[in-house]
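S.K.: here you go, sequence then predicted model.
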Amino acid sequence: MAITMTQDRKNTRADRETSHADQALGMGSDITRRDFLNTSLLASGAALLNPVSPAQLLARATSEPAANDDWTGYGGVGDYANSNGNTTAVLEAGHQIRDGVFDAYPANAIDTGETYDCAIVGGGISGLAAALSFQRKAGAGKTCLVLDNHPIFGGEAKRNEFLVNGHRLLGHQGSALFWPPYPHSFIARFYESIGLKTPRLEYQKWGSAEPEIALEKTPYLGSAPYGLFFGAKFGQPEGVWLSDPWGKRLEGAPLSAKTREEWLRTQEPSNAKKPEYRGDAISRRLDTMTLEDHLMEKYSVSRETVRTLLADEGGGFGLGPDALSGYTGYAFNELGPIPEDGTQMFPDGNSGIARLMVKTLIPEAIAGGNSLEDICRKNVNFSALDRAGAAVRIRLDSTAVWVKHNAEPAKSQFVTIAYTRAGKTYRVRARSVVMAGGSWTTKRVVRDLAQDRREAYDQFYRSPCMVANVAVRNWRFLYKLGISGCQWFEGIGSYTLVRKTALCGAESPTIGPDSPVVLTIKVLYPSPGKSAEQQGHVGRAEMIATPFREYERQIRRQLHDMFARTGFNVDRDIAGIILNRWGHAYASPAPGFYFGKDGKPAPGEVLRAAPFGRIAFANTDLSGMPDHKSSIIEADRAVEQLLNEVLTD
Ligand SMILES: Cc1cc2nc3c(=O)[nH]c(=O)nc-3n(C[C@H](O)[C@H](O)[C@H](O)COP(=O)(O)OP(=O)(O)OC[C@H]3O[C@@H](n4cnc5c(N)ncnc54)[C@H](O)[C@@H]3O)c2cc1C
């Protein structure tokens, strides 16, 4: 009893302290986030002092309707309002698979009576591309079903929408960029076939009477002016800014002369030889070491410098350089070098590409015509996605939990796919299957998967990522610093910037310091020193266990600490925060992933080489390149394999 009272007293004092600090951070402000209910319970200081386990938090969240819980938080408006990142329903179904709930065939599965020529598991860019390839190549009369576990198609290529001061603002949830393709390439023809005929988009122009400051058109720092913020980790409890860091050669940065020199070296061209093609001696050597060791060797820098200042070098693969294959530093260019200044982005990232694909597959699925404007701005007609009798159907909120041939794979006639939807289990049959959902579910739900394929999938590690989109009413606080973006090295996230938006989805053709914008903060969960697999587990547990409100607090504190001095008022200027939590966001290739180790072939090659019975494998992770082009190429290859080797009668 005495202990309880002491604890109560402690909590009361802590509550008060938390509440004062929260008020200063504007936690009570009336932002759009307040549209959701029931925040008070988890929001209390007591809840934060007695943290719940990931399982408890998830159980609480899943007992609330989507968008009404303090795990999901506010989801924005529009087509994606109930689908910010992995939803609680997606997590729950995924954990049921992991925990063996469907290891035995679900005897209560309701037979829909449907048989498809091809079933595709996963409705991201890869699954949608597989459906397009199948529709085009299999011939008239052939049917195809896409199953996806989220409330809307697109996988990691989804969007958030905010309404701020009457302006509709779009942001990406994950997959963001595309690049103008080489004119006669497979990707050029694919883009053209989905209506992306002019892959160089038009962007907002400067619209203020004040002097122009350059802006990126992507969420990544580039040539537009940005600043570095150094905080307590560098002995600067109040924080110091360094703008134009490379022009000033880091003069004024609170770093030792040695660290400064090392960091500057990483910005200079290096003499280290790059791979010329995938599989040459240089690339094979790189795949035997970590990216961290490669960076240390390439630039003659210390491990400490890599860990403190170059952690983002692994960001495109979801981890720090210490756990990734050295070849990740080059894999991204494999599908052709990226043209200078050619990078493009729809206002909602590659959600634009996913929407173009769905419009092509099912023209009534998005209102309006085929223009990029209509595809960006008009709403999804959900009732058109899964119409009885249609050649292509997209079934959402459906998690495939059990996929198995009806006989020995080589001799089977069809595959049974059981999926859960709104608390019930259903089954369909298919003459062929493309598994496009990714390694982490495929290896568990394909029940008769052969040992060699299973061992290959065991070498795929996926890492979590949270993409926080923060709508702000203006970005004058950056403008006053003479920058449009920034990087920091402690706290939540590590960079953000203002980007000019492609006109096909922009509310205004111009932008200035008083325009409302979406700032994107990408949060990764590396724990240097652990294996890629362990880092994924540890990071996921942290991401799942953290309530919305705690992340809101951290984001507010970060922005306050960096920008209060230039007039940013967290209470007044933040218009909304949406969190997109991706449990298995990135494929994180460890050494040996690309070219194999211990005399064994690379795991991706094992899965690409041939279908397993009536099942072929797609998804971007097979290539080890976080690039939607590889999602499309893997999908097309999988469909070709099924048409050539499986659907032969
Ligand atoms: C933060 C982030 C930023 C990125 N930025 C870029 C970028 O700028 N440009 C770029 O080209 N690429 C980028 N990528 C890479 C991105 O992975 C690809 O571009 C592409 O979107 C992946 O598509 P996919 O279909 O292969 O996989 P996913 O998008 O993961 O789609 C798979 C879908 O299948 C679902 N699924 C899985 N298992 C099941 C099941 N059992 N039943 C039903 N459904 C299931 C998944 O939930 C998901 O909806 C980024 C990735 C991340 C995480």
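M.R.: Arrived safely.
S.K.: right, and Glu262 touches Glu304 too?
M.R.: No: counting by Cβ atoms under 8 Å, Glu262 stays clear of Glu304, with 9.2 Å between them. Quick note: C-beta positions are derived from backbone N, CA and C, even for glycine.
S.K.: secondary structure element holding Pro254?
M.R.: Assigned by DSSP states H and E, Pro254 belongs to no helix or strand.
S.K.: and Val146, its phi and psi?
M.R.: Per-residue torsions, Val146: phi -100, psi 130 (degrees, to the nearest 10).
S.K.: can you count the residues close to it?
M.R.: 30 (other Cβ atoms under 10 Å).
S.K.: which residues touch it?
M.R.: Shown in contact with Val146 (Cβ atoms under 8 Å, 6 or more residues apart in numbering): Ile120, Gly122, Gly123, Gly127, Leu128, Ala130, Ala131, Phe153, Val392, Arg393, Ile394, Arg395.
S.K.: among those residues, which ones lie close to the ligand?
M.R.: Residues of the contacts of Val146 in contact with the ligand (Cβ under 6 Å from any ligand atom): Gly122, Gly123, Gly127.
S.K.: looking at these, which are in helices?
M.R.: If you go by DSSP state H, these have Gly127 in helices.
S.K.: would CSV of the ones next to the ligand among the contacts of Val146 with pLDDT, distance to Ala532 and neighbour count be doable?
M.R.: Below are the ones next to the ligand among the contacts of Val146 laid out as CSV (pLDDT from 0 to 100; distance: Cβ to Cβ, whole Å; neighbours: other Cβ atoms under 10 Å):
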residue, pLDDT, distance to Ala532, neighbour count
Gly122, 98, 22, 27
Gly123, 98, 27, 29
Gly127, 98, 25, 29
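S.K.: just list what whatever helix or strand Ala585 lives in packs against, helices and strands only.
M.R.: In the assignment (DSSP H and E), Ala585 maps to strand 574-587. Applying 3 or more Cβ pairs under 8 Å, 6 or more residues apart in numbering; DSSP states H and E, one finds that strand 574-587 contacts strand 159-164, strand 462-472, helix 532-545, helix 548-563.
S.K.: ok, the nearest residue to Gln487 once chain neighbours are set aside to the ligand distance?
M.R.: The shortest distance from Gln487 to any non-neighbouring residue, by Cβ to Cβ, 6 or more residues apart in numbering, is to Tyr495 (4.4 Å). Per Cβ to the nearest ligand atom, to the nearest Å, Tyr495 is found 13 Å from the ligand.
S.K.: how much space separates Tyr495 from Leu524?
M.R.: In this view, Tyr495 and Leu524 are 11 Å apart by Cβ to Cβ, to the nearest Å.
S.K.: give the buried residues for the helix or strand just after the strand holding Ala585.
M.R.: Sequence order places helix 603-609 as the next helix or strand after strand 574-587, per DSSP H and E. For helix 603-609, a neighbour-count test (16 or more other Cβ atoms under 10 Å) marks Pro603, Gly604, Val606, Leu607, Arg608 as buried.
S.K.: so for helix 603-609, mean pLDDT?
M.R.: Mean per-residue pLDDT for helix 603-609: 97.
S.K.: next one: stretch 235-246
M.R.: Here the average pLDDT along stretch 235-246 is 96.
S.K.: could you pull out the buried residues of that stretch?
M.R.: Buried-residue list, stretch 235-246, by 16+ other Cβ under 10 Å: Gly239, Trp241, Leu242, Pro245.
S.K.: Ile578 contacts Thr72, doesn't it?
M.R.: No: counting by Cβ under 8 Å, Ile578 stays clear of Thr72, with 9.6 Å between them.
S.K.: quick check: neighbours shared by the two?
M.R.: Asn84.
S.K.: understood, closing this out.
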